[in-house]
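1. Pasting a predicted model and its sequence here:
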Amino acid sequence: MSDPAPPNPRTARWKVSQTAVTGAWKEKRRLAAAMRTVISRLVEIEAPEAELAAAADGLERYAARLASHPRPNRYEGWAEASASGDVTSFFDHSPLIGLSNPLAPPIAMHGDEDGRRVHGSVVFGSAYEGPPGCVHGGYIAAAFDELLGFANSLSGNPGMTGTLTIRYRRPTPLHTELRFEGVCERSEGRKIYTSGQLFAGETLCAEAEGLFISVGAERFRGLFEERRKRDEQRGG
C-alpha cells in the first residue's frame, strides 16, 4: 500500500480551524471566542444599566492592560512564508476565518485536493443581522470575497480582488448552518476568474463571480512596508 499523498500547501494553509495551537496562541483563540460570545449576547439581550456598566468597566480596564503590550509585526516574512504554506498565524487573524479574531464568525474552509474547488461552512449569529432574521448582505459579500480569494489562490499565482459581483437570490437566515462552494474557473495572464454559491440547506441564497488580479511578491512586500510605517506612526 502506498503512503498517502502529502497535503496540498495551497489548500492546507486555509484550514485554520483544523490547526491545533498551544500556549499564548491557544489562549488568544480562547479570548477571541469569549469576546465573540459577548458581542453576540450584547446585541440580543436587554440587561439592566448596572450590569452593562459593570461589564463596560471591566472591558475598559482590560483594554488598557492589552494596550501596554507590544504589537509584533505578524506580516514579517509573509511573502516568503506564503510560498511554503506556513502562514497559519496570518490567516488566524482574518476577520472572516480567523479563530484569533473576535470579529470573525468564523468561517471554516477547506479545499479539494484536485486544486480547483473550495468549500466553506458558517453560522452567522445575531451580530451579523441585516433584514429581520437574516444575514446582512455586506457580510455575505465579505464571505464570498474570502472564499473566492481562497479559490483564486489555487491557481498558484494568487492575486487581489479586482471585481466582485454578488447576486442575492433569497434571504439568508441567521443561526443556520450555511454552505459555501467556490471554484477557480480559469486564468488568463494576470487575471484569475472564480465563482461561488451560498446555500442554506438545499436553498440557493446567493451567487458570486470574482475577478482577481495576480500580484507579484514585490507588490506584497511594498504593502507590508506601508503597513509597518503606519504602525510606527500610531505608536505600534
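-> Right, received. Where do you want to start?
2. ok, the closest residue to residue 171 other than its chain neighbours - how many residues close by?
-> Excluding its sequence neighbours, the residue lying closest to residue 171 (C-beta to C-beta, 6 or more residues apart in numbering) is residue 134, at 4.3 Å. Just so you know, the C-beta spots here come from the backbone N, C-alpha and C atoms, and that holds for glycine as well. By the criterion of other C-beta atoms under 10 Å, residue 134 has 18 neighbours.
3. what ranges do the helices span in this protein?
-> Residue ranges of the helices in the chain, as given by DSSP state H, are 9-12, 23-44, 49-67, 78-84, 88-92, 137-153, 217-233.
4. quick revisit: identify the bridge partners of the residue nearest to residue 171.
-> residue 173 (DSSP bridges).
5. wait, isn't it in contact with residue 175?
-> No: counting by C-beta atoms under 8 Å, residue 175 is not a contact partner of residue 134; they are 10.5 Å apart.
6. Leaving out sequence neighbours, find the closest residue to residue 128.
-> residue 139 (4.8 Å).
7. circling back to that earlier point, in TSV: the helices of the chain, plus distance to residue 170 and mean pLDDT.
-> Output for these, formatted as TSV (distance: least, C-beta to C-beta, whole Å; pLDDT from 0 to 100):
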stretch	distance to residue 170	mean pLDDT
helix 9-12	29	56
helix 23-44	23	94
helix 49-67	36	95
helix 78-84	36	40
helix 88-92	30	76
helix 137-153	11	96
helix 217-233	37	76
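8. wait, what's in contact with the residue nearest to residue 128?
-> Contacts for residue 139 (C-beta atoms under 8 Å, 6 or more residues apart in numbering) come out as 105, 124, 128, 130.
9. Make a markdown table out of those and add neighbour count.
-> What follows is these, written out as a markdown table (neighbours: other C-beta atoms under 10 Å):
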| residue | neighbour count |
| --- | --- |
| 105 | 21 |
| 124 | 22 |
| 128 | 22 |
| 130 | 16 |
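10. Most widely separated two among these?
-> Maximum pairwise distance among these (C-beta to C-beta): 14.1 Å, between 105 and 130.
11. I'd like to know how far the residue nearest to residue 128 sits from residue 124.
-> 7 Å (C-beta to C-beta, to the nearest Å).
12. shared neighbours, the two?
-> Shared contacts of residue 139 and residue 124, defined by C-beta under 8 Å, 6+ apart, are found at residue 105.
13. Who is residue 188 paired with across the strands?
-> Applying DSSP bridges, one finds that residue 188 bridges with residue 191.
14. Can you check the pLDDT for it?
-> Here, the pLDDT recorded for residue 188 equals 93.
15. That one and residue 182: what is the separation?
-> Distance of residue 188 to residue 182, computed by C-beta to C-beta: 18 Å.
16. Looking at the two, which is more packed in?
-> With neighbours defined as other C-beta under 10 Å, residue 188 and residue 182 compare such that residue 182 has more, 28 against 8.
17. With residue 221 as the reference, measure out to the residue nearest to residue 128.
-> 31 Å.
18. Tell me who's in contact with the residue minimising distance to the centre of the chain.
-> Of all residues in the chain, the one closest to the mean position by C-alpha atoms, centre = their mean is residue 96, 2.5 Å from it. Residue 96 sits next to 104, 105, 106, 107, 142, 143, 145, 146 when contact means C-beta under 8 Å, 6+ apart.
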